[in-house]
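**Q** Predicted model follows, preceded by the sequence.
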Amino acid sequence: MNEPSKLPLMTIIGPGLVVAATGVGAGDLATGALAGSNLGIAVVWAVVVGAIMKWILTEGLARWQLATNTTLLEGVAKHFGIVAQLLFLAYLILWSFFVGVALVSACAATARAIYSWHEHDLIFYGVGQAAIAVGLVKLGGYRLFEKLMSVCIGVMFVTVIVAAVAVQPSWSDLLFGFVPSIPQGDGLGWTVALIGGVGGTATILCYGYWIQEKDRHGPEFVRICRIDLAAGYAMTASFGIGMVILGSRVDVEGKGAVLLVNLAQALRAELSDGVGGWAAWFFLIGAWGAVFSSLLGCCQSVPYIFADCWRLLFRSSESKVDTTSKPYQFYMYALAIVSSFAYWLKEVQGISFAQVQKIYAIVGAAFIPILALALLVMNWRVDWIGEKHRSSIFIQIVLLATVAFFLFTVVSTIKKQFG
């Protein structure tokens, strides 16, 4: 194993790119476009703040793991007990099931927009892509997964940035958009959505398992992970800013993958005849790259978390979690099969999961403040993490602000959904 200081740049930023590709899905891109459509580019600063917030959370997770040689879940199990483990496992099952359905649906919608075969091709594309994602994870393990995710994020980045430049935004207005301000009207709501929608939720935990796959062990890799995550979240912020720009220049409507398809059609109309068709097609390719990379990332990463929970709850003899363990394999197949079946029920049988989706939305929004609270305690205790790697006062203040911000988001979500 090379010394951390001598590692090539692309080796350093591998897991960071995976974080970006997994965390940016149809919902994140749609939120950016809708915010831009409603508020213009005056709120691009919120995208940057959201990316920094997620960087601090993920850096704290990595710092704990490298300093203590235990995953964050191991730390929770040791210091907070079995009740915390069981509550998190219940959350994980609920979250992964519904995020799986949403990603299968998004992949189907974007693939169908690129090329439609017949009236039932939504099912074909959705279930088929879930099977492909599992097959790729099974075939190549982490190495193939990282390469595929790097390709997907490259396609996403080029597509979104080129499209954002092509619509010719006001560059002076964009510069002022990095100065914090909240527009009148529904400005606060969209600003909150932008900050909270950057960079994923529970998939943040997977970074710890990805750096294990890269054989990063020990405090000497803390600096490497900081660089890695800075590159990943810089990409994430770029996507968000690009989508805000597109939304500010092109009228969009809908939600999730449907909005992305509508945005592609709007780009076709906005740009000249010779360019519009190609722009719409390439944008759909980029949108598909975003949603398929999230599906692939979900199928590869979430089983790590389940396997770690299983290991800790049932005192497994395995010293670490990897893709060959039986709990990992079980959850990978279960996630793909149950998500595909639920998607089939929704599309063919017309069964609605609307009420449960409301509960899931609230649980999903609640994950970030819970993680921030855990890091507030775990990374502050000198007897747990050591003096050298203890969080600074600045980091603690940011974590407290994160808790306050996301609790506000959760309360607002409850009022909106059930008020």
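**A** Alright, I've got the coordinates.

**Q** Give me the neighbour count for Asn69.
**A** Using other Cβ atoms under 10 Å, Asn69 has 11 neighbouring residues. Just so you know, the C-beta spots here come from the backbone N, C-alpha and C atoms, and that holds for glycine as well.

**Q** I'd like to know the predicted local confidence at the residue nearest to it when sequence neighbours are not counted, please.
**A** With Cβ to Cβ, 6 or more residues apart in numbering as the measure, His217 is the residue that lies nearest to Asn69, at 6.7 Å, once sequence neighbours are left out. Per-residue confidence (pLDDT) for His217: 91.

**Q** ok, now Ser316?
**A** Looking at Ser316, its pLDDT reads 63.

**Q** go on, Tyr360?
**A** pLDDT, Tyr360: 56.

**Q** thinking again about what came up before, how about the residue nearest to Asn69, secondary structure?
**A** With DSSP: H, G, I helix; E, B strand; the rest coil as the basis, the three-state label of His217 is coil.

**Q** how far away is it from Gln65?
**A** Separation of His217 from Gln65 (Cβ to Cβ, to the nearest Å) stands at 9 Å.

**Q** Looking at these two, which has the bigger crowd around it?
**A** Gln65 (25 against 14).

**Q** so who does that one touch?
**A** Taking Cβ atoms under 8 Å, 6 or more residues apart in numbering, we find Gln65 in contact with 71-72, 208, 211.

**Q** Hmm, Gln85 and Leu313 touching each other?
**A** Yes. Counting by Cβ atoms under 8 Å, Leu313 does reach Gln85; the two are 5.9 Å apart.

**Q** So which of those two has more stuff around it?
**A** Using other Cβ under 10 Å as the criterion, Leu313 and Gln85 rank with Gln85 on top: 16 against 13.

**Q** where's the residue nearest to Asn69 relative to Thr324, distance?
**A** 19 Å.

**Q** just Ala404 next, same as before
**A** Here Ala404 is placed at a distance of 42 Å from Thr324 (Cβ to Cβ).

**Q** In the stretch 51-200 of the chain, what residue spans correspond to strands?
**A** Residue ranges of strands cannot be listed for the stretch 51-200 of the chain, since DSSP state E, counting those that start in this stretch assigns none.

**Q** Tell me the secondary structure of Phe367, please.
**A** What three-state DSSP gives for Phe367 is helix.

**Q** Which residues are in contact with it?
**A** For Phe367, the contacting residues are 91, 95, 201-202, taking Cβ under 8 Å, 6+ apart as the criterion.

**Q** what's the farthest-apart pair in the residues you listed?
**A** Using Cβ to Cβ, the contacts of Phe367 span at most 10.4 Å, a distance reached by Tyr91 and Thr201.

**Q** Neighbour count for those two, which is higher?
**A** Legend: neighbour count by other Cβ under 10 Å for Tyr91 and Thr201, higher for Thr201 (20 against 17).

**Q** Can you give me the distance of Ala234 to Val101?
**A** Ala234 sits 30 Å away from Val101, going by Cβ to Cβ.

**Q** cool, Thr71 as well?
**A** Summarising the geometry, the distance separating Thr71 from Val101, computed by Cβ to Cβ, is 27 Å.

**Q** How about Leu86?
**A** Using Cβ to Cβ, one obtains 24 Å as the distance from Leu86 to Val101.

**Q** Specify which residue of the two has the higher count of neighbours.
**A** Neighbour comparison, Leu86 and Val101: the larger count goes to Val101, with 22 against 12 (by other Cβ under 10 Å).

**Q** Correct me if wrong: that one contacts Glu347.
**A** No. Distance between Val101 and Glu347: 10.3 Å, which falls outside the contact criterion (Cβ under 8 Å).

**Q** burial measure for Cys225, as a count.
**A** By the criterion of other Cβ under 10 Å, Cys225 has 25 neighbours.

**Q** Which helix or which strand is home to it?
**A** Here Cys225, judged by DSSP states H and E, is contained in helix 222-249.

**Q** Tell me which other helices or strands that helix touches.
**A** helix 9-12, helix 14-23, helix 26-39, helix 44-68, helix 121-166, helix 256-270 (3 or more Cβ pairs under 8 Å, 6 or more residues apart in numbering; DSSP states H and E).

**Q** Dump the ones you listed to TSV, plus mean pLDDT.
**A** Formatted as TSV, the entries for the helices and strands packed on helix 222-249 read as follows, by pLDDT from 0 to 100:
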stretch	mean pLDDT
helix 9-12	65
helix 14-23	85
helix 26-39	79
helix 44-68	93
helix 121-166	85
helix 256-270	73
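
**Q** Nearest to Phe341 among the ones you listed would be which one?
**A** In terms of Cβ to Cβ, the element of the helices and strands packed on helix 222-249 nearest to Phe341 is helix 121-166, at 8.7 Å.

**Q** now that closest one against helix 14-23, angle please.
**A** In terms of direction (axes from the mean of the first three to the mean of the last three Cα atoms, to 10 degrees), helix 121-166 departs from helix 14-23 by 110 degrees.

**Q** Could you list every helix and strand in contact with helix 121-166?
**A** Taking 3+ Cβ pairs under 8 Å, 6+ apart as contact, the helices and strands that helix 121-166 lies on are helix 14-23, helix 72-114, helix 207-213, helix 222-249, helix 273-313, helix 326-344.

**Q** tell me the angle the second one makes with helix 256-270.
**A** Regarding helix 72-114 and helix 256-270, their directions subtend 40 degrees when assessed with the same axes, to 10 degrees.

**Q** now the fourth one
**A** With the same axes, to 10 degrees defining the directions, helix 222-249 sits at 60 degrees from helix 256-270.

**Q** same thing with the first one?
**A** Angle between the axes of helix 14-23 and helix 256-270 is 90 degrees (criterion: the same axes, to 10 degrees).
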